[in-house]
Structures are given as C-alpha cells and as structure tokens.
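**Q** no sequence for this one, just the structure:
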C-alpha cells in the first residue's frame, strides 16, 4: 500500500485533550475536594496519506475515540493541530476553506441503532448531506443520487421509503456508509464500525468498505479494539495506551516484529483462530486509572523491562515507538508467534 | 474422563407468542464429558444462550421446554420440581454470565455474597465459609484477598468482578459450569487473564465447562470440542482443531472464512450472503438452504440430521451417501 508521501492528506500534531471530571462546584467547596482533570489524549501525532487506511487500536480508555472526534471536529483539542489537505482545522483557516474541507470528511459510528434518526425515512437520512451542502439541484436529482448511493452500498434503491427499524444491524451500517458518501466525502473516520455486528455481517461491511476505497480512492481513519480487524483493514497502525501513542508501524511489521512491550503484550493476549489450544503467558495487571496515571512511561507498572528511568521520564516518540528500552537498545524488537505462522 | 457428564437429547424450546409459536431450539443434542470444555458458537439469534439457559432450567414463560431431555450424570434434571432444580443449580451446575456487574448484588460486600453462597450449598460454619471464600478469591487470581474480601462490587474493576463471579460459580464445587459470553464485556488483556483462570480451574478440579460465545478466537484457544449453531440447531460438532481447520458444513466454512485473523491476508473475507433467518420464518428443510452456495435437490424440503458421515457429526445432505454420487463440495 501507499507510503506516506511528502504532504500528508491528514496531519495531526501534538494533540492534547483534557476533560474536567471534577465533582460539582458546591461539592468541591463543601467537601474540600480538589479539581480532577483527566488527560484523555496526551501529545498524539500522526499523518495519513491520501488513499490510505490508518488505524488506531487500543483498549478501553486509551483515547482512540477521543482522537477520532477531535480529527472530525466534534471535539475541540485542548492543544495541538489538525490539518486536513493543507487547511488548519483547529484555527487560522478562513470559513470558505473550512466548509470546503468539512464536506469532504464524514464519520461512521459504532452503533447503527443510535446513529440513524428513527423518525426519518432512509431516503431523507441519506439526502440530508446533499441538501445541507447544496450538492444537487431539484428533488428529482436528489432522489436519483440517493438511489445511486443505496445501490452503491448494496441496498435496493426502493429501500429508501423504509424506516431504519425495518433494517438489520448490517443493513443499517450500510445506510450510515451511504450517508457518509452522500457529500462526496474523501476522508471517512470510522469509529468501531463493525464491533456491534456478527462476524458474517462484519465480513460483508469490511469487504464493502474496501471495495469503496478501491473505487473512490477513500482515505480512512479506522478506530477499533479488534486487532484482527485492524490487521485486515489498515496499511498503517497506531497503538495507543492511556492517551499516548506508543507505537506506529505498517500492518505487517507491527504484527510480526512489534517493538513496544505493550504492543507485544496485546498481540500475545488476543485469542486467534490460528492458535488452537495455545497455553498462554498470563498477562500482568490491568490498565491504571487514567485520572492518576503512573509517572514516567504510563506502561511501566506492567512492563517487564521497566527501570528507574521508565518510572520517572516520559519516553519521547522516536523512530515509530515511545519506549526507553527500545531507544537505549536494551531490548530488540521481538518476532511474534505470527511471524512464523504468516509465511 | 470418558463418560458423559451432561447429556442433552433432542432438546426443543418454544416461545408461545400472539403471532404463533416460535421454536428457539430445535432438537438439540450434545454431550459434555467430565473435565471437558465444550464451546458453543453462533451468531446472534442462533440459540446459543437459550441452550445454556435451558440446560439449567432458566427458561421463563412464555418460553417452555417443549421436548427432549437433559441428564446430569445420568439423572434427568429437566423435569425436576422448581425446589429440587434450585438445589442442582448452583450446587452441581455453576453459572457465569456476560455482565459481571449484574451478577453481583451492589449492596452487599463481595465476601458476604461468597459466604452466603457457600453456606447455602454446604454445611460449613460461618468462619470456615469465610476461610473458603478467601481461598477462592486467591484461586481466581485476586491479590491480597484478605484486603479485598470486604469491598463492594463497585470498588472492583470489570476484570476483578468477573473473577469474583467465577469464584461464586465455584463455591459449591460444581461438576459443570455454564459460562455465557464470560469475556465479551472485557478488554483483550483482561480477557486473556480470565480465560487462563477458567482453563486452569477446569484442569485442577476436573470441572466440565459449556462455554457460550460468539468469539471463535476464544473458542479456538479454550475449548476441546465446539458446537456450531444456526437457527436453533447444532449444524456441526467436533474437536476444535477439526472444526476450525476443516469445517464441513457450508455455513461453518463461510463463518471461518469471514473471521479476520492476526496472521492477516490482503484479500477479501469470505462473505455469506444474507443474514440469519428470524425465528418466525425459518425455512423448511435445511434452515441454511436459501443462503447456501452448495444447496441441491433435497435441501429445501428434507431436514438434515446431525450425523457422523465423515470426521465429525454434521447436519448437511452434501455428506449423506444416500444422495451420492453427488460430488462433495470443496
């Protein structure tokens, strides 16, 4: 797949987001409790080339969905920049440029039962972006475009007169994809698009997304907790842990020779069809509370290679990984079980 | 290890509704041996959870067991009186459900819930029961159990709660544990820990486990045998390595090819057209025939039964010598 070219289509630099999770003002005064801040995303940077699928993986609380929401502009970053096709989305661009870029990016959400208005017919749902951006003139043209979009995602144009509740989960996700394509979007942010679906339906949706990418040259930011799905979809993958990016690599390299100890642990923990009856190494510990993350490298309490430096200093992100042990050459990227079975 | 602990024969569960009787389970038969982990997989609506509930008699009206029998160590349990059944449940069959928060009472300390369960099913004194509760917590991998035993469920993380639920299921040293999606609500690293605990306990205690899940990866790593369900029927059952690597039924083949794996491949996932039929509209004959790429003459009319034609039992006419000399589909 394509390597990141000189000017990335989407570029995210030093993204930060802090949520205020303090108790209400009065409780703070009466009970003398301090303000509590949750650093959901901490200094995350990455770039996505045109036509590429970049995936973010991580467990709950890793901040992957927060990054997605900041990239599409549903959430303002506390600090940092998001640039899409040369237009700075987080301030400094003129309104026309912003409007032009926003039309070209769309989002697909996890829950196809919650992301479609139950009181609207499907044709109205899919037509809304077309009307909002004034992309077609006249009802007849809009109707024709909606029919075309529905056929595009594998539904029947006549399905437009139905309501969302008449469709199954997989069909609803198809409607959500048709809506995302309605504004001629080029960049689609997908937040766990298949995790609410059964495997056979998931396969249909993943295949559809790849076909559409091939036909329309779409760029995807793909968020998922499922490593196998990410491996299947993404050309490059970013692994997040407690709000920080710990490793970025191309699909195959990351899965066969992971660098960061967290990536190794994650890959080792995933149950997979290829490992029948495997005796696994028990994984140590759980994700710490994100309100009071450990100092230094946030992974240090669970890391078998942690030393004093790891417990005090935050590792910088360099050469695709944020890990002191790798930077100092204390550990080598280890080939996984997958490297041997992949051949 | 050899004789069957749980024998289920032609179990049929129906739900009576205003729009007619829906058959959620249709003549399901399987065995679980002592110390064995049987995985039950299928997509939503396949009947895998209903199977688990029916075995322990937890089908509530309007559902009812309409036929078949369930035997635990040779003794019928499906027709027991509610009181007798309650003693079997918990004492001889333990249960683990998907959501650990709803399986625990939020108003009671974890230790008190364990002690209550232990004393219900055994004759231990209060002090001995508390000692046993501490041992159980240690056994499921909760560090410093003497400090955590007096905590409330909300003070535990999701993985810790699921460990407590496993400890609860183990209280009476049951012969069989029914685990319904025990790791679905958990993150992968915690899921791996819970699977390790379950496997170790079964090995140590010789407990049989019926593991109900939609995650083939979990089944592949945990189970000894696997039953694949579709539209309320078992369509294939056999050793895990056999079913995962060489599935026979066209649905099982499609399902295995539809699952992305970590070893990855750049190609397309195999795709089964359509979706599982609703219970109100299960096709006659083989329920999979409208979606099946290999369907032929008998499929829309004759119901295939689970039969061991080849390596392991499968419910598919393709393998039936009666319809020979038809070529077996690749």
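**A** Okay, I see it. Note that the structure is predicted; figures quoted are calculated from it, not measured.
**Q** C-alpha from now on. contacts and neighbour counts both.
**A** OK.
**Q** Low-confidence ranges, chain B, go.
**A** Across chain B, the ranges flagged by pLDDT under 70 are B:1-2, B:264-266, B:324-330.
**Q** Show me which residues of it sit near chain A.
**A** Residues of chain B lying close to chain A by C-alpha under 8 Å from any C-alpha of the partner chain are B:43-44, B:187-193, B:196, B:214, B:216-218, B:220-224, B:240-241, B:244, B:254-255, B:258-266, B:268-272, B:275.
**Q** Can you flag the buried ones in those?
**A** Neighbour-count burial (16 or more other C-alpha atoms under 10 Å in any protein chain shown) applied to those gives B:43-44, B:187-193, B:196, B:214, B:216-218, B:220-224, B:240-241, B:244, B:254-255, B:258-264, B:268-272.
**Q** So which of the residues you listed belong to helices?
**A** By the criterion of DSSP state H, membership of these in helices covers B:188-193, B:196, B:216-218, B:220-222, B:240-241, B:244, B:254-255, B:258.
**Q** Tell me which stretches of the chain form helices.
**A** No chain in the question, so chain A it is. Assigned by DSSP H, chain A shows helices spanning A:25-31, A:64-72, A:95-103, A:122-132, A:139-152, A:169-182, A:199-216, A:227-233, A:251-256, A:261-269, A:308-312, A:324-327, A:337-342.
**Q** Please refer instead to chain B.
**A** Along chain B, counting by DSSP H, helices occupy B:48-55, B:82-91, B:100-103, B:110-121, B:126-139, B:145-148, B:158-170, B:188-205, B:216-222, B:240-245, B:250-258.
**Q** Of all those, which one is nearest residue A:185?
**A** Closest to residue A:185 of these, according to C-alpha to C-alpha: helix B:250-258, at 27.8 Å.
**Q** which residues touch residue A:172?
**A** Counting by C-alpha atoms under 8 Å, 6 or more residues apart in numbering or on different chains, residue A:172 touches A:112-113, A:116, A:164.
**Q** for these, which one is nearest residue A:196?
**A** residue A:112 (8.0 Å).
**Q** Tell me who's in contact with the closest one.
**A** Residues counted as contacts of residue A:112 (C-alpha under 8 Å, 6+ apart) are A:169, A:172-173, A:176.
**Q** ok, now how distant is it from residue A:291?
**A** Residue A:112 sits at a distance of 31 Å from residue A:291 (criterion: C-alpha to C-alpha, to the nearest Å).
**Q** And residue A:97, what's its pLDDT?
**A** Predicted confidence (pLDDT) for residue A:97: 87.
**Q** Mind listing the residues bridging to the residue positioned nearest the centre of chain B?
**A** Centroid-nearest residue in chain B: residue B:212, 2.7 Å away (criterion: C-alpha atoms, centre = their mean). With DSSP bridges applied, residue B:212 shows beta-bridge pairing to residue B:40, residue B:180.
**Q** hang on, isn't it packed against residue B:177?
**A** No - if you go by C-alpha atoms under 8 Å, residue B:212 and residue B:177 don't touch, sitting 10.7 Å apart.
**Q** circling back to that earlier point, worst mean pLDDT among the helices of chain A?
**A** In terms of average pLDDT, helix A:337-342 trails the rest of those, at a mean of 55.
**Q** what's near enough to touch the nearest residue to residue B:314 once chain neighbours are set aside?
**A** Counting by C-alpha to C-alpha, 6 or more residues apart in numbering or on different chains, residue B:314 lies nearest to residue B:236, which is 4.3 Å off, once chain neighbours are set aside. Neighbouring residues of residue B:236 by C-alpha under 8 Å, 6+ apart: B:227-229, B:243, B:248-249, B:252, B:306, B:312-315.
**Q** so what's residue B:236 bridging to?
**A** Taking DSSP bridges as the rule, residue B:236 bridges to residue B:228, residue B:314.
**Q** Relative to chain A, how far out is it?
**A** Distance of residue B:236 to chain A, given as C-alpha to the nearest C-alpha, to the nearest Å: 17 Å.
**Q** and what of residue B:312?
**A** To chain A, residue B:312 is 17 Å away according to C-alpha to the nearest C-alpha.
**Q** for residue B:295, same thing?
**A** Distance from residue B:295 to chain A, by C-alpha to the nearest C-alpha: 19 Å.
**Q** Repeat that for residue B:139.
**A** According to C-alpha to the nearest C-alpha, residue B:139 and chain A sit 14 Å apart.
**Q** Residue of the stretch 101-250 of chain A nearest chain B, please.
**A** Closest residue of the stretch 101-250 of chain A to chain B, C-alpha to the nearest C-alpha: residue A:228 (4.6 Å).
**Q** One more: the stretch 1-150 of chain A?
**A** Closest point on the stretch 1-150 of chain A to chain B, by C-alpha to the nearest C-alpha, is residue A:59, at 5.9 Å.
**Q** That residue: how many residues sit nearby?
**A** For residue A:59, the count of nearby residues is 21 (other C-alpha atoms under 10 Å in any protein chain shown).
**Q** same check, this time on residue A:95
**A** Neighbours of residue A:95 (other C-alpha under 10 Å): 9.
**Q** That one and residue A:133, how far apart?
**A** Counting by C-alpha to C-alpha - residue A:95 and residue A:133 are separated by 14 Å.
**Q** swap in residue B:260?
**A** To residue A:133, residue B:260 is 37 Å away according to C-alpha to C-alpha.
**Q** Ok, residue A:319 next?
**A** According to C-alpha to C-alpha, residue A:319 and residue A:133 sit 41 Å apart.
**Q** Going by how many neighbours each has, rank these two and give me the top one.
**A** Each of residue A:319 and residue A:133 has its neighbours counted (other C-alpha under 10 Å); residue A:133 has more, 14 against 11.
**Q** so what's that one up against?
**A** So, once contact is read as C-alpha under 8 Å, 6+ apart, residue A:133 ends up touching A:103, A:183.
**Q** Tally up the residues packed near residue A:8, please.
**A** The burial count for residue A:8: 18, using other C-alpha under 10 Å.
**Q** Narrow the contacts of residue B:236 to those that are buried.
**A** Using 16+ other C-alpha under 10 Å as the burial test, the contacts of residue B:236 include B:227-229, B:243, B:248-249, B:252, B:306, B:312-315 as buried.
**Q** Pick out whichever of those residues sits closest to residue A:310.
**A** Set against residue A:310, the nearest of the buried ones among the contacts of residue B:236 by C-alpha to C-alpha is residue B:243 (45.3 Å).
**Q** correct me, but the closest one touches residue B:223?
**A** No - with contact defined as C-alpha under 8 Å, residue B:243 does not reach residue B:223; the gap is 11.5 Å.
**Q** This completes my enquiry, with thanks.
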